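A.B. asks: heads up, no residue letters with this:
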């Protein structure tokens with residue numbers, strides 16, 4: 001009976017580790033609570049490693065040695081596999097490459113509303129020489145202040161936004177700043193009035209009105225709380241749909257890691273035709289939320305993605321601003337036109 005129990009425990013633990021390591025294979029990456037657990041791969045790796053050490057110690061107890069030995073192997077495999085995944089996605093980079101004439105720099109930062117001052121946002125965007133800035137949870141009033149501050153620093157930008165309701169909390173607004181060098185833009189009506197948009201917090205779709213420049217989507221999906229799982233899945237599908245055609249740059253708070261995006265890609269993309277910049281350039285394993293955790297323990301839920309019209313040449317997650325107020329870290333990505341064309 002003891003042997004049968006040990007076999008059952010071993011099998012169940014092996015299945016659990018396999019699911020948490022590769023949830024896409026079992027098609028449970030968007031199922032509560034697995035979706036929440038796999039967001040924190042760094043913590044999972046530490047937990048599996050700790051379980052391995054604990055099983056080694058318990059092997060000193062002779063009657064349960066076969067069971068603890070089996071569990072030690074399972075924990076070791078889980079820690080190793082998780083570590084390889086995090087390492088392959090990237091542990092972070094120090095800086096972006098030199099900016100060429102045709103390069104675009106895209107910065108996304110969920111500012112947590114008034115928690116982050118306009119001056120801090122402006123200084124950061126100017127320091128990173130950003131051409132596009134997407135700011136979930138930022139009102140147009142704050143966005144206008146950021147634009148004015150950036151103009152004062154010699155870096156003019158136009159501010160655009162979308163908002164749910166006439167009044168409300170900062171999360172009901174999403175603002176984006178776009179360099180005049182990219183031409184003129186307008187937030188499309190269906191995005192502005194919410195008739196075609198993310199479900200609970202708004203995203204903004206800015207279309208070039210002069211025929212130049214990419215379509216720019218400032219995305220904000222609802223967080224995958226237990227009561228919002230259906231809305232969260234809808235939002236991820238909506239975001240992927242924005243990359244179904246055309247020259248598109250997506251940037252924002254997806255409230256999802258790449259582990260949650262299985263089945264949304266087409267033509268080799270991760271979300272629609274869009275590819276993830278962080279994964280391509282060595283920052284895909286760095287947590288952008290929450291700032292209260294070390295970066296490698298956090299969840300990489302903020303993303304910049306682009307269609308094949310753009311080649312990702314660099315990315316960086318800024319950890320130096322963890323005390324600035326927001327619970328998210330800024331992500332900055334450099335994109336070059338594929339084929340070297342002008343932007």
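C.D. replies: Yep, it's here. Not measured: the values here are computed from a predicted model.

A.B. asks: which of the residues in the lengthiest helix in the chain are buried?
C.D. replies: Across the chain, the longest stretch assigned as helix under DSSP state H is helix 65-89. Residues 67-68, 70-72, 74-79, 81-83, 85-86, 89 are the ones in helix 65-89 that count as buried (16 or more other C-beta atoms under 10 Å). For glycine as for every other residue, the C-beta is placed from the backbone atoms N, C-alpha and C.

A.B. asks: which secondary structure elements does that helix contact?
C.D. replies: In terms of contacts (3 or more C-beta pairs under 8 Å, 6 or more residues apart in numbering; DSSP states H and E), helix 65-89 is packed against helix 2-21, helix 41-58.

A.B. asks: what mean pLDDT would you report for stretch 189-199?
C.D. replies: The average pLDDT for stretch 189-199 rounds to 85.

A.B. asks: buried ones in it?
C.D. replies: For stretch 189-199, using 16+ other C-beta under 10 Å, the buried residues are 191, 192, 197, 198, 199.

A.B. asks: quick revisit: neighbouring contacts of the longest helix of the chain?
C.D. replies: Helix 65-89 is contacted from outside by 3, 6, 9-10, 13-14, 17, 20-22, 41-42, 44-45, 48-49, 51-52, 55-56, 58-59, 61, 258, 278-279, 284-285, 296, 300, using C-beta atoms under 8 Å, 6 or more residues apart in numbering.

A.B. asks: so who does the closest residue to residue 105 other than its chain neighbours touch?
C.D. replies: In space, and not counting its chain neighbours, residue 105 is closest to residue 130: 4.8 Å by C-beta to C-beta, 6 or more residues apart in numbering. Counting by C-beta under 8 Å, 6+ apart, residue 130 makes contact with 105, 106, 107, 177, 332.

A.B. asks: Apply 10 Å and report the result again.
C.D. replies: Taking C-beta atoms under 10 Å, 6 or more residues apart in numbering, we find residue 130 in contact with 104-109, 124, 150, 155, 157, 177-179, 330, 332-334.

A.B. asks: among those, which are in strands?
C.D. replies: 104, 105, 106, 107, 108, 177, 178, 332, 333, 334 (DSSP state E).

A.B. asks: these two touch, right, the fourth one and residue 304?
C.D. replies: Yes: under the criterion of C-beta atoms under 10 Å, residue 107 is in contact with residue 304, at a separation of 8.4 Å.

A.B. asks: shared neighbours of those two, anything?
C.D. replies: With C-beta under 10 Å, 6+ apart as the test, residue 107 and residue 304 both reach 132, 134, 251, 331, 332, 333.

A.B. asks: Could you report the distance from residue 259 to residue 66?
C.D. replies: As for residue 259, its distance to residue 66 is 33 Å (criterion: C-beta to C-beta, to the nearest Å).

A.B. asks: for residue 198, same thing?
C.D. replies: Taking C-beta to C-beta, one finds residue 198 at 51 Å from residue 66.

A.B. asks: what's the least confident helix or strand in the chain by mean pLDDT packed up against?
C.D. replies: Of all helical and strand segments in the chain, the minimum by mean pLDDT, DSSP states H and E falls on helix 189-192, at a mean of 81. Packing partners of helix 189-192 (3 or more C-beta pairs under 10 Å, 6 or more residues apart in numbering; DSSP states H and E): strand 158-163, strand 204-208.

A.B. asks: Need the ones you listed in a markdown table (columns: distance to residue 143).
C.D. replies: Conversion of the helices and strands packed on helix 189-192 to a markdown table gives the following (distance: least, C-beta to C-beta, whole Å):
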| stretch | distance to residue 143 |
| --- | --- |
| strand 158-163 | 4 |
| strand 204-208 | 11 |
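
A.B. asks: In TSV, list those along with mean neighbour count, distance to residue 120 and mean pLDDT.
C.D. replies: Shown next, in TSV, are the helices and strands packed on helix 189-192 (neighbours: other C-beta atoms under 10 Å; distance: least, C-beta to C-beta, whole Å; pLDDT from 0 to 100):
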stretch	mean neighbour count	distance to residue 120	mean pLDDT
strand 158-163	21	16	95
strand 204-208	22	22	96
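
A.B. asks: Point out where the protein drops to low pLDDT.
C.D. replies: 1-2, 166-168, 340-343 (pLDDT under 70).

A.B. asks: Specify the residue ranges that define each domain of it.
C.D. replies: 2-89, 104-337 (automatic domain parsing).

A.B. asks: Relative to residue 96, tell me which of these wins on proximity.
C.D. replies: Proximity to residue 96 (C-beta to C-beta) singles out domain 104-337 among those, at 4.2 Å.

A.B. asks: Quick one: end-to-end length of that closest one, please.
C.D. replies: 8 Å (C-alpha to C-alpha, to the nearest Å).
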